[in-house]
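Enquirer: My questions are about this predicted structure, shown below with the sequence.
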Amino acid sequence: MPRPELLTIGLFARASGLTASALRFYADSGLLRPASVDQASGYRYYASDQVERAVVIRRLREIDVPLERVAEILRSDGRDAARVIDEHVAALAERAHRARETAAAV
């Protein structure tokens with residue numbers, strides 16, 4: 001039986017803005033493991049203090065940061081995380097610039 005302060009996957013999904021299937025995927029990939037899994041039912045439960053990590057993952061994925069880079073960011077300190085994010089945003093800006101050039105040439 002889960003501790004009372006734990007959230008069901010559905011409640012945690014609403015709190016984090018992720019879907020239950022995304023949470024299962026992130027758990028399976030090691031990015032966001034549930035605080036508890038009921039061995040009999042397989043139900044996953046999350047602690048409220050995991051919401052912040054889930055939101056960070058969601059925001060990084062919204063800007064198409066690959067899972068490997070998300071894991072790197074989550075493992076790193078603030079300075080290294082900022083560097084990885086800055087590199088990703090610069091690459092996005094370059095792709096957008098090339099797309100505008102291509103569209104203008106069409």
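Expert: All right, it came through fine. Predicted, not measured: the structure shown is a model, and the values here were computed from it.

Enquirer: Beyond the one helix or strand I57 maps to, next helix or strand please.
Expert: Assigning secondary structure by DSSP states H and E places I57 in helix 51-62. As assigned by DSSP H and E, the chain's next helix or strand after helix 51-62 is helix 67-75.

Enquirer: Output the contacting helices and strands for the helix or strand just after that following helix.
Expert: Of the helices and strands lying after helix 67-75 in sequence (DSSP H and E), the nearest is helix 78-105. Under the contact criterion of 3 or more C-beta pairs under 8 Å, 6 or more residues apart in numbering; DSSP states H and E, helix 78-105 touches helix 67-75. For glycine as for every other residue, the C-beta is placed from the backbone atoms N, C-alpha and C.

Enquirer: returning to that earlier point: got the angle between the helix holding I57 and helix 78-105?
Expert: If you take axes from the mean of the first three to the mean of the last three C-alpha atoms, to 10 degrees, helix 51-62 sits at 30 degrees to helix 78-105.

Enquirer: Residues in contact with helix 51-62: which ones?
Expert: Residues from elsewhere that reach helix 51-62 (C-beta atoms under 8 Å, 6 or more residues apart in numbering): 12, 15-18, 22-23, 26, 31-32, 46, 69-70, 73-74, 85.

Enquirer: quick one: pLDDT of the residue nearest the centre of the chain?
Expert: Geometric centre of the chain, nearest residue: I57, 1.9 Å, by C-alpha atoms, centre = their mean. For I57, the pLDDT comes out at 98.

Enquirer: By neighbours, which of the contacts of helix 51-62 wins?
Expert: Within these, neighbour counts (other C-beta atoms under 10 Å) peak at Y46, which reaches 26 neighbours.
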